[in-house]
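[1] A structural model of the following input is requested.
(2 chains)
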Amino acid sequence: MAVLRISWGPQHPASGQMRIILDVDGDIVVNAIPSVGYTHRSIEKLAEYRRYFQIVPLVERICNLDSFNVTLGYVQAVEELMGIVPPERAQFIRVIMSELNRITSHLYWLALFGIMPGQPTMLMWPIADRELFLDLAEMVTGSRVTYSYFIIGGVRADLPSDFPNRALKTLDYFEKRLKVYDKMLYRSKLYEMRNRGVGIMKKADAINLGVVGPNLRGSGVKVDTRKDEPYQVYDRFEFEVPTEEVGDAEARAKVRFHEMEQSINIVRQALGMLPEGPFQVKAPFRAPPGEVYKKVEAARGELGFYIVSDGTDKPYRLKISSPSFRNLAAFPFLMKDVTMADIPVIYFSLDPFPLDIDR
Amino acid sequence: MTSETEIVENLNSKFKEAIVDANVQRKARVIITAKKDKVLDIASHLKKELNFDFVVSVCGLEMPQEDAFTVVYHFWSISNKILLTLKTKVPKESPEMLSLTPIFESANWHERETHEMWGIKFSNHPDLSRLLLPEDWSEKPPQRKDFTLPR
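    Numbers count the residues shown, from 1 in each chain, chains lettered A, B, ... in the order given. Take a look at the predicted model:
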């Protein structure tokens, strides 16, 4: 049979515009070429024309599902460059919001991943529960998706006084919901049939391809920036880095599930230890000449900011190394000699976000 | 565990003529500047001897009053938890260097992006086709400083 070339996307195979060109022989995919760039906004170039504090809302658009973590990466890099340290309370607030955002982002993934093998309920439930976390974010920042809450030198406003109680209530509820998800999706026959043994990436392959985040940890590599290079106050909390050995779609899904549990754990500890005090310090306009590479563990994996400063109030060069871009390498590797029906499974198990790929 | 200073000393002794500058920026950060023709050997040494596992990012850089583009590679070592920055200069009139993809597969997509954004050619790269820019893009590489945005 002749090999047929078909286009999967770019009109939304998942979330955002991205295309995968598939060469199929009957029902077997022989070759897959990711074709990206549909949402390229050239954030790196635009940043060279803006002052440091003006770039916060700009970089947020890299991955608006994960805004807190992305802005944290940026403000941390600038703070290191300027040599300022935010107050302790601000660092705790940052950790709390970032971990809540990790749950929000993973819930969005869970919804898409749940409906993929044909469980529409698993689309509804995580999206509904995600609302509660968006409500928490709205309570603190006033907006639901793009917050611009972390600023250079701290956070924009203090936490509302009734936030800790409400957050703890939400977490108690969510912990119960996770058990329901576990039963509903992770232990269902359908899920097992669709995911087990699909898209296997061995440890050596994962390292060689340079994938990051839950995809790397799903292949048994214990790499987590929060542990390897603790930033903010992450070194004060006790938490596990979940890993799985198998490296298939199921393993990656399990890692994300356990990460949500760990995020609950971290937020609870942080709320318990939350110190009083100021929530921001004054930051200078200009950064001294030099360069910095700073990274955070975003929901999709390690996100790095490389900033070169020439001493002015604008970055001379801002390079963003985003997790979804680095995970791109796994697409052609995994989408080879699999059936067409496995393509969405592999796609969602890698949790790509086209905006994050294109920047 | 290999420390930051050990890495600098090791590279200085192994590639005496090729290393222009090597220093430890801070904990877990090493910055190396090397000559273009030896970059492939250094990368291979980083992988085999110094346990660097993958390329974290590749980018171009254009410093003022220089007649060359700087290509910046960042490597990460899982076991040593060290980020190494490797810089090399390519002349502006013929921006070309050998690709590191044969050694580090993880450099593949980053080099492709750097190629289209900076017009730097990586010879030996398996596929340097368009990635993020539109297929009909005909202007100069957009990340260069002489490509300016309207104010």
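
[2] B:Leu132 is in contact with A:Phe325, isn't it?
    No - using C-beta atoms under 8 Å, B:Leu132 makes no contact with A:Phe325, being 9.4 Å away. Bear in mind the C-beta positions are built from the backbone N, C-alpha and C, glycine included.

[3] Same drill for those two, tell me which one is more crowded.
    The neighbour comparison of B:Leu132 against A:Phe325 (other C-beta atoms under 10 Å in any protein chain shown) goes to A:Phe325, with 26 against 21.

[4] Please report the distance of that one from B:Glu9.
    Taking C-beta to C-beta, to the nearest Å as the measure, A:Phe325 falls 34 Å from B:Glu9.

[5] Residue numbers of chain A in contact with chain B?
    Contact residues (C-beta under 8 Å from any C-beta of the partner chain) of chain A with chain B: A:36-37, A:40, A:42, A:44-46, A:49, A:207-210, A:221, A:223, A:228-229, A:291, A:293, A:295, A:302, A:304, A:306, A:308, A:310, A:317, A:319, A:321, A:325-326, A:328-329, A:358-359.

[6] so of those residues, which ones are in strands?
    Using DSSP state E, the subset of the residues of chain A next to chain B located in strands is A:291, A:293, A:295, A:302, A:304, A:306, A:308, A:317, A:319, A:321.

[7] Most neighbours among those, which one?
    For these, neighbours tallied by other C-beta under 10 Å; top is A:Lys295, 26 neighbours.

[8] so what's that one up against?
    A:73, A:225, A:229, A:302-305, A:321, B:56 (C-beta atoms under 8 Å, 6 or more residues apart in numbering or on different chains).

[9] Which residue is the nearest non-sequential neighbour of it?
    A:Gly304 (4.1 Å; C-beta to C-beta, 6 or more residues apart in numbering or on different chains).

[10] same thing with A:Gly199?
    A:Ile346 is the one closest to A:Gly199 (C-beta to C-beta, 6+ apart), at 4.1 Å.

[11] can you check A:Leu334 too?
    A:Gly199 (4.5 Å).

[12] which SS class is that neighbour?
    Of the three states, A:Gly199 takes coil under DSSP: H, G, I helix; E, B strand; the rest coil.

[13] Can you pull out the low-pLDDT segments for chain A?
    A:1, A:12-15 (pLDDT under 70).

[14] burial count for whichever residue of it sits closest to chain B?
    As assessed by C-beta to the nearest C-beta, chain B sits closest to A:Gly210 within chain A, at 2.6 Å. Other residues near A:Gly210 come to 25 when the count uses other C-beta under 10 Å.

[15] Helix, strand or coil: sort out the residue nearest to it when sequence neighbours are not counted for me.
    Closest residue in space to A:Gly210, ignoring its immediate chain neighbours: B:Ser106 at 2.6 Å, by C-beta to C-beta, 6+ apart. Here B:Ser106 is recorded as helix under three-state DSSP.

[16] B:Ser106 touches B:Phe54, doesn't it?
    Yes - B:Ser106 is in contact with B:Phe54 according to C-beta under 8 Å; the separation is 4.0 Å.

[17] re the thing from before, and the ones in strands among the residues of chain A next to chain B, which is closest to A:Tyr108?
    A:Glu302 (19.4 Å; C-beta to C-beta).

[18] before we move on, the earlier item: need the residues touching each of B:Leu132 and A:Phe325.
    A:359, B:113.

[19] could you dump the ones in strands among the residues of chain A next to chain B to CSV with distance to B:Asp67?
    As requested, those are arranged in CSV below (distance: C-beta to C-beta, whole Å):
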residue, distance to B:Asp67
A:Glu291, 20
A:Tyr293, 26
A:Lys295, 32
A:Glu302, 34
A:Gly304, 29
A:Tyr306, 23
A:Val308, 18
A:Arg317, 18
A:Lys319, 22
A:Ser321, 27
